[in-house]
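Trainee: Quick one, fold the following:
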Amino acid sequence: MADGRTKAWVVASLLLVGTAAGGEHVPGDLQEVRQRLRAEAGVRDVPQRDADLPLVPLTVLPGDTHARLALDLTGSRKAEGVLREVAPRLTPGQRLHVPRALLTPRLADPRLEPLTLGEPHPTLWSLAKDATVVDARGVPAAVRNLQRLNAIGDPGKLPPRATILVPRSLLLAATPEPLPTLRIRTDFRVTDLRGLARQPRAGEFPVGLRHALEREGQWAQQLTARTADLVVIHTTEHRGAPFANVARYVQRRRLAHYLIGPNGVVYEVVPEASRAYGSGQSLWEGRYVVDHEAINVEIYADTDPTGPRTGIAAVQYDGLRALLAHLRSRRPDIHDGRVVTHRMVAVNYESRMRSRKGDPFEFDWARAGLPDNSLLIDQDVLLGRAKTCTDERYADRVTAGQTAASRLLGSL
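Mentor: Down below sits the predicted model:
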């Protein structure tokens, strides 16, 4: 496990599992984290050595409440309790240092671009309205977040042609592309749902892992009921096998909720209310066996460079974008930051090593309509629950977020 210095720097993984926000059991070592965060909440200038540091300085605005900050910054009320711990009282102009991993992916982008207000964006409002920051939280939240990033208390008092810093992810596409039509077929739907409850069972955890989690105080949270709020993207890596054969295999093994065929058609395999066995040995944000909270999406594609690589076709990215929009419209807890790839969550339970799986070996996040979440720091590596693979034979399975976590862990 990570030592005390590391725990003082990284809180998102402990906090997002509900230990602070939901009034549930709070691990003892979280008290040290809270003390450090309280101290930093009043400091105005914290030098950031590089973009990998997990704290983002933000300014409290007039009228800010913990609930408003939680919704604006994270897209969820779940972080309200965390922010109360960071700053029990909010004062306009106060500088908060919020863990980067808590922020929505577009807001968390460490690549800040200087932008001078003027034509075609004379105001923050017009910038937010035209940029891709417009989402379920609306333009006002986007304006407030730009104010917080730039310490702008009153945007009406900005001088003409003022220069502000804007996360690059917010400027990638001024006009969102129209979503393709979603076609869901049921040719390979599973009818036998026995054993597919989303309630974790003690028996599915190896004895050694269970004992380790008990010693580390993480066992109780593993058995809590979960809801489907995480999307895990897979590629079939079928080595050229015909689609019908692969689809029947996925159906027989109950490996996915959805399968995207070679022509972009989406096939429902396992109903969302049930779990699918797609992710296997896995870990994300402190919870093992992520299949209990995941919607597993398989894409019929070979992306492994050592095999008959075909890649993911444009029509398949279209189908994925339409499917993600369909999921988000019905499940508000699934936002851009809750979409990951199999390689990001896979782990070996015995060694705690990442890189057990590498799919998809190639994935264009932008074509999927997503920020590149593989760049975000792997919280489980940072907290010592997982290790980044150092075997050069598996270098193509290591994500940038895992490498960044290891580098940060070694510097603290």
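Trainee: Report the buried residues of stretch 56-63.
Mentor: Of the residues in stretch 56-63, Val56, Pro57, Leu58, Thr59, Val60, Leu61 count as buried by neighbour count, 16 or more other Cβ atoms under 10 Å. Yep, even glycine has a C-beta here, placed from its N, CA and C like the rest.
Trainee: which residues in the stretch 251-400 of the chain form strands?
Mentor: For the stretch 251-400 of the chain, applying DSSP state E, counting those that start in this stretch gives strands covering 258-260, 266-268, 283-284, 287-288, 294-299, 339-341.
Trainee: got the residue ranges for the helices in the stretch 51-200 of the chain?
Mentor: Assigned by DSSP state H, counting those that start in this stretch, the helices in the stretch 51-200 of the chain fall at 66-74, 80-86, 105-108, 124-130, 138-150.
Trainee: Let me see the confidence value for Pro360.
Mentor: Model confidence at Pro360, given as pLDDT, is 97.
Trainee: Surely it touches Arg343?
Mentor: Yes. Under the criterion of Cβ atoms under 8 Å, Pro360 makes contact with Arg343 at 7.5 Å.
Trainee: Comparing these two, which residue is more hemmed in?
Mentor: Taking Pro360 and Arg343 together and counting by other Cβ atoms under 10 Å, Arg343 has the greater number of neighbours (26 against 22).
Trainee: show me the contacts for the nearest residue to that one once chain neighbours are set aside.
Mentor: Spatially, and ignoring its direct neighbours in sequence, Arg343 is nearest to Gly358 (5.1 Å; Cβ to Cβ, 6 or more residues apart in numbering). Each residue near Gly358 by Cβ atoms under 8 Å, 6 or more residues apart in numbering is listed here: Asp304, Arg343, Tyr394, Asp396, Arg397.
Trainee: And the pLDDT for the second one?
Mentor: This means Arg343. Arg343 carries a pLDDT score of 97 in this model.
Trainee: list the contacts for it?
Mentor: Listed by Cβ under 8 Å, 6+ apart, the contact set of Arg343 reads Arg354, Ser355, Lys357, Gly358, Asp359, Pro360, Phe361, Ser374, Arg397, Thr399.
Trainee: Distance to Leu323 added to those residues, as JSON lines?
Mentor: Shown next, in JSON lines, are the contacts of Arg343 (distance: Cβ to Cβ, whole Å):
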{"residue": "Arg354", "distance to Leu323": "26"}
{"residue": "Ser355", "distance to Leu323": "27"}
{"residue": "Lys357", "distance to Leu323": "21"}
{"residue": "Gly358", "distance to Leu323": "22"}
{"residue": "Asp359", "distance to Leu323": "17"}
{"residue": "Pro360", "distance to Leu323": "15"}
{"residue": "Phe361", "distance to Leu323": "21"}
{"residue": "Ser374", "distance to Leu323": "19"}
{"residue": "Arg397", "distance to Leu323": "25"}
{"residue": "Thr399", "distance to Leu323": "23"}
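Trainee: Which two of the residues you listed have the greatest separation?
Mentor: Arg354 and Pro360 (15.4 Å; Cβ to Cβ).
Trainee: sorry, back to before: closest one of the contacts of Arg343 to Gly410?
Mentor: Arg354 (15.8 Å).
Trainee: correct me, but that closest one touches Val381?
Mentor: Yes. Here Arg354 reaches Val381: they are 6.9 Å apart, a contact under Cβ under 8 Å.
Trainee: excluding its backbone neighbours, what's nearest Arg356?
Mentor: Leaving aside its chain neighbours, Arg356 sits nearest to Ala346 (4.2 Å; criterion: Cβ to Cβ, 6+ apart).
Trainee: ok, now Thr341?
Mentor: Excluding the flanking residues, the one nearest Thr341 by Cβ to Cβ, 6+ apart is Ile233, at 4.9 Å.
Trainee: Ok, Asp359 next?
Mentor: Nearest residue to Asp359 in three dimensions, chain neighbours excluded: Thr235, at 4.5 Å (Cβ to Cβ, 6+ apart).
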